[in-house]
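*Asks:* Sequence and predicted model, in that order:
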Amino acid sequence: LAATGMQVIDENAESDFSFTTYPKNQPPRRIPKPTCVQARARTIRMVLKRWNVPRDNTSCCHYHTVLESIEDSIDLLFQEKCQPLFSAFQEQCPRCSCMNHGTKCVVCGYAPPEIS
């Protein structure tokens, strides 16, 4: 095969590839812990502030009116088809345990110290 210009590869050589160690020189990913109920409640409050829900004069307060409106949204979401590949974001905040797209937490504002 070397005469054809292709590199000879020893198929019996031990590979340095592993699903548990690839990519090399990267710290191992920690398995995220469940997000605590306080952080889940905080993220729900963050969403509620983005909703414009009509006031209900029979309700004790507008906060509880908006909170009650979650039921309609949850019912709609339960009507959607299953999403077997659904997953949380990959980065977990060490302070509040919420999952994030990057290392800065959008829930509590935590940002890891910069390494210099």
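*Replies:* Great, that's in hand. This structure is a prediction, so every number in the text was calculated from the model and none was measured.
*Asks:* What's the local residue count around R95?
*Replies:* A count of neighbours around R95, defined by other C-beta atoms under 10 Å, yields 13. (Each C-beta comes from the backbone N, C-alpha and C, glycine too.)
*Asks:* Tell me who's in contact with it.
*Replies:* 105, 108, 110 (C-beta atoms under 8 Å, 6 or more residues apart in numbering).
*Asks:* Please enumerate the helices of this structure.
*Replies:* For the chain, applying DSSP state H gives helices covering 37-48, 62-68, 70-78.
*Asks:* helices and strands around the shortest one, which ones?
*Replies:* Going back to what we said before, that points to helix 62-68. Contact analysis of helix 62-68 by 3 or more C-beta pairs under 8 Å, 6 or more residues apart in numbering; DSSP states H and E lists helix 37-48 as its packing neighbours.
*Asks:* what's near enough to touch the spatially most central residue of the chain?
*Replies:* For the chain, F89 is the residue whose C-alpha lies nearest the centre (C-alpha atoms, centre = their mean; 2.0 Å). If a contact means C-beta under 8 Å, 6+ apart, then F89 has 99-101 as its contacts.
*Asks:* List only buried entries from those residues.
*Replies:* The neighbour-count test (16 or more other C-beta atoms under 10 Å) marks 99-100 as buried among the contacts of F89.
*Asks:* From the contacts of F89, pick the one nearest T65.
*Replies:* T65 lies nearest to M99 out of the contacts of F89, by C-beta to C-beta, at 28.8 Å.
*Asks:* For T35, give me the backbone phi and psi.
*Replies:* phi -70, psi 130 (degrees, to the nearest 10).
*Asks:* how near is it to A41?
*Replies:* Between T35 and A41 the distance is 10 Å, computed by C-beta to C-beta, to the nearest Å.
*Asks:* neighbour count winner among those two?
*Replies:* Remark: of T35 and A41, T35 carries more neighbours, 18 against 10, as counted by other C-beta under 10 Å.
*Asks:* Might one say that the more buried one is in contact with M99?
*Replies:* Yes: because the distance of 6.7 Å satisfies C-beta atoms under 8 Å, T35 is recorded as touching M99.
*Asks:* Thank you, goodbye.
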